[in-house]
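> Would you be able to build a 3D model of this:
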Amino acid sequence: MTNSYEMFPTVVTAVEQLTPLIKRFTFKRQDGENFPVFTGGSHVILKLNDKLSNAYSLMSDVNDLSSYQVCVRKDVDGKGGSVFLHDHCLPDFKLEVSEPKNLFALSASGEKHLLIAGGIGITPFVPQMAELAARGANYELHYAYRSPEHAALLSELTQGQHADRVFSYIDSEGSKIDLNGLIAQQPKGTHVYVCGPKSMIDAVIESCNQNRYRDEYIHWEQFASTVPENGEAFTVILAKSNQRIEVLADQTILQAIEGLNIEVECLCREGVCGTCETAILQGEAEHFDQYLDDAEKAAQRSMMICVSRAKGKEIILDL
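Down below sits the predicted model:
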């Protein structure tokens, strides 16, 4: 059931400080070969060491596979990956980078493509805008950020071919996106894409629902756990060893299993990469991942144990 990624030994070739909290990292393969082809919206897993690995959106040129680029916002309250990157990943630092996978792809059709970004959520839209421009598609980017010094990549976007399609909103100056008004005025057949804080994603989805957008016209991405803080404890039974494990309210299944020195592959720990997908033999999961689609979640055949939980008091897994 586990989904594997091909990993490439890589070296950091450039580090740029874009804002007080955001750095752009450029990587090349150690063997000198090109990276795999990717499309706008793709992510990779950066494996920094044996304990730290995180998913990041690719924001480099899809036509230049000699290197990959990601932008990383330093989050001192996160899992440690962003802090490690900012503090330790200098040029010549060696790490592993996975092959790309895309859970946030552009629709192949659509009357218009409306891109909505908040803060570091701008990154997947950089290659997507280039892709849309190459198609001759109708698109706009609406980009909200805290203050002028936190506007990563804005100058690059507004000086190029996208200049008349980029609209910015600065929170410190009282400028905010009127999401309901913006979404309501879009032509029929518009696809809406959002990447940023959970509050923004939730607001965009709500506005789309209010304006009767079909689910397949709403696209979102967030590399952060969406697990509620007030979860309940439950029991996991590992079918292969017949072990019963109590998962506390503030634990994930993965953490509880690892506490017994049982190893399970999981690269991202954010419900994005799919490497910890595990078959459900009995019971139902409350899904919090971004890897499975709605039909797969409803089928209740598998779950991502790094973020998802049991819906009841007990669940039996094929482990």
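> alpha carbons only for contacts and neighbour counts from here, please
OK.
> all helices for the stretch 151-300 of the chain, in order.
154-158, 179-184, 198-210, 253-258, 294-299 (DSSP state H, counting those that start in this stretch).
> Next, format these as a markdown table and append mean neighbour count.
Listed next are those as a markdown table, based on neighbours: other C-alpha atoms under 10 Å:
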| stretch | mean neighbour count |
| --- | --- |
| helix 154-158 | 14 |
| helix 179-184 | 15 |
| helix 198-210 | 17 |
| helix 253-258 | 18 |
| helix 294-299 | 12 |
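> Put together CSV for those helices, with distance to Phe38 on each row.
Shown next, in CSV, are these (distance: least, C-alpha to C-alpha, whole Å):
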stretch, distance to Phe38
helix 154-158, 20
helix 179-184, 29
helix 198-210, 24
helix 253-258, 30
helix 294-299, 24
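> Which of those helices comes out lowest on mean pLDDT?
Set side by side, those show their lowest mean pLDDT on helix 154-158, which sits at a mean of 90.
> And the contacts of it?
For helix 154-158, the surrounding residues in contact (C-alpha atoms under 8 Å, 6 or more residues apart in numbering) are 126, 163-164, 166.
> Need the buried ones from those residues selected in PyMOL.
Buried subset of the contacts of helix 154-158, written as a PyMOL selection, criterion 16 or more other C-alpha atoms under 10 Å:
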select buried, resi 126
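> Mind telling me the two of the contacts of helix 154-158 farthest from one another?
Put simply, by C-alpha to C-alpha the two of these set farthest apart are Val126 and Asp164, 14.9 Å from each other.
> ok, back up a step: how about the helices of the stretch 151-300 of the chain, which one is nearest Asp318?
helix 253-258 (12.9 Å).
> where exactly do the strands run in the stretch 51-200 of the chain?
53-57, 68-73, 94-98, 101-102, 112-118, 139-145, 166-170, 190-195 (DSSP state E, counting those that start in this stretch).
> re the thing from before, right, so of the helices of the stretch 151-300 of the chain, which gets closest to Glu286?
helix 294-299 (8.6 Å).
> From the chain's centroid, how far away is the closest one?
Put simply, helix 294-299 sits 20 Å off its chain's centre (C-alpha atoms, centre = their mean, to the nearest Å).
> quick one on the thing from earlier: just put the strands of the stretch 51-200 of the chain in CSV and tack on distance to Asp294.
Shown next, in CSV, are these (distance: least, C-alpha to C-alpha, whole Å):
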stretch, distance to Asp294
strand 53-57, 21
strand 68-73, 28
strand 94-98, 25
strand 101-102, 16
strand 112-118, 22
strand 139-145, 27
strand 166-170, 32
strand 190-195, 17
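> Rebuild the ones you listed as CSV, extending it with mean pLDDT and distance to Asp250.
Listed next are the strands of the stretch 51-200 of the chain as CSV, based on pLDDT from 0 to 100; distance: least, C-alpha to C-alpha, whole Å:
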stretch, mean pLDDT, distance to Asp250
strand 53-57, 92, 21
strand 68-73, 96, 25
strand 94-98, 96, 29
strand 101-102, 94, 30
strand 112-118, 97, 28
strand 139-145, 97, 31
strand 166-170, 96, 35
strand 190-195, 98, 26
